[in-house]
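Trainee: fold the following.
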Amino acid sequence: MVLAVTLPIAGISIVPTALLARQMRFVVTARNEIVASFCGAAVTIVCALKGLSYWSLVAGQLANLVIGNILAWSAVKWRPSRPRHFATIWNDVKFGANITLSNLATFVTTSADNVIVGLTTGKVALGLYDRSYNLVVRPIGQLMAPVSRIAVPLLSRLVDEPDKYRSAYLQIVRTATILLLPAMLVCISNATTLIGVLLGPRWLGAAPIFSWLCVGGLASGIYASAFWLLISQDRAQELRRLAFLAAVINVMSYFIGAIWGVIGIAIAASLSFVFLTTPLLLFGATRRGPVRRRDLLSFGTPFVLAGIAAYAVLVFGFRQVPLQGVLRLIVVTLASYALVVGFCLISAENRRLFSRTTQLLRDLR
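Mentor: Below you'll find the predicted structure:
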């Protein structure tokens, strides 16, 4: 009940945070988030030392939000005024409603599997699945959030310049893929080691679930990019329809996978995400607009080949390497990133786009 107070507090920061994103003041936004998170952590630790138990976590979250609000409002000049009538207000409301409904559909997609696991396989399996799911989804969310924050305002500014729009999109989605793909390959090929290091031997039963969920994580970057395209091109209604259809497909796959238990649900969730819902959204997003399907094909082919080659090396090349625990994870992670980048750089187009990505990041700075 107390944590429910965080909802209106978080809502107060939406407008100044959106204005900072629209102005592309990402350094200010990052600074505000780091300071707020640090203060929230400090409050949590102090309260815990004072013996407040789990209320320390509540106090830390409230402090994080309040300080974040203060910093966000201090960074923008805009202040609320009396409501006025604008000719475009109804279009803005419809756009926002479609985005909200799309987010609700996405929430159903990301929550229904846990419900179905709990109903069909019991609380022990649900614990293994939930822990595996969070280990996959939370880091991906943390990684993709700043990329999305840059992508949407940048693409919105370039929507009337198709060539620049296409180039910027491919550069951003390439950066996201470079960040995610090697990490997911490590998680798939070394799931048992990673679970043992992070959670301990009692959670090793989660390793196959975690590995299969990471297969779905391979497509998370390109999946998110479909949202960037549709939102930046003012196609929120199409996004809503596609998100609802994707939710239906995903939930149906969960029920089908439940026939084979919790691992069956993990397999069905990942395969439907990679081979059904992600292509569905990309097909809809590229039906019109500056980015075409052939652009995605030319972008994706080198990464698919690089991923297959890197995975083969990680599985077969490191099978006899006498490394265990944290040291093994460090070595295979470095090798995975080096292999993926190295294989991708074989393509002349990738070399050109890597150069353009570096220039884009310098311009943003």
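Trainee: shaky segments in this protein?
Mentor: Within the chain, the ranges that satisfy pLDDT under 70 run 347-365.
Trainee: only the buried residues of the lengthiest helix in it, if you could.
Mentor: In terms of residue count, the longest helix belonging to the chain (DSSP state H) is helix 123-157. Using 16 or more other CB atoms under 10 Å as the test for burial, helix 123-157 gives 125-126, 128-133, 135-136, 140, 144, 147-156. For every residue, glycine as well, the C-beta is placed using N, CA and C.
Trainee: looking at it, F26 is touching R149, isn't it?
Mentor: Yes - F26 lies in contact with R149 (CB atoms under 8 Å); the separation is 6.9 Å.
Trainee: show me what contacts L297?
Mentor: L297 is in contact with no residue at all, counting by CB atoms under 8 Å, 6 or more residues apart in numbering.
Trainee: so it is in which element?
Mentor: Secondary-structure element containing L297, defined by DSSP states H and E: helix 293-312.
Trainee: hey, C-alpha coordinates of that helix in PDB?
Mentor: Coordinates of each C-alpha in helix 293-312 appear next as PDB, following Å, rounded to 0.1, in the frame of the first residue of the first chain:
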ATOM      1  CA  ARG A 293      12.600  -5.100 -45.400                       C
ATOM      2  CA  ARG A 294      15.700  -5.300 -47.700                       C
ATOM      3  CA  ASP A 295      17.500  -2.900 -45.300                       C
ATOM      4  CA  LEU A 296      16.800  -5.300 -42.400                       C
ATOM      5  CA  LEU A 297      17.900  -8.300 -44.400                       C
ATOM      6  CA  SER A 298      21.200  -6.700 -45.400                       C
ATOM      7  CA  PHE A 299      21.700  -5.700 -41.800                       C
ATOM      8  CA  GLY A 300      20.700  -8.900 -40.200                       C
ATOM      9  CA  THR A 301      22.400 -11.500 -42.400                       C
ATOM     10  CA  PRO A 302      26.000 -10.700 -41.200                       C
ATOM     11  CA  PHE A 303      24.900 -10.800 -37.500                       C
ATOM     12  CA  VAL A 304      23.100 -14.100 -37.900                       C
ATOM     13  CA  LEU A 305      26.200 -15.700 -39.500                       C
ATOM     14  CA  ALA A 306      28.500 -14.100 -36.900                       C
ATOM     15  CA  GLY A 307      26.300 -15.300 -34.100                       C
ATOM     16  CA  ILE A 308      26.300 -18.900 -35.400                       C
ATOM     17  CA  ALA A 309      30.100 -18.900 -35.900                       C
ATOM     18  CA  ALA A 310      30.700 -17.300 -32.400                       C
ATOM     19  CA  TYR A 311      28.300 -19.800 -30.700                       C
ATOM     20  CA  ALA A 312      30.100 -22.700 -32.300                       C
END
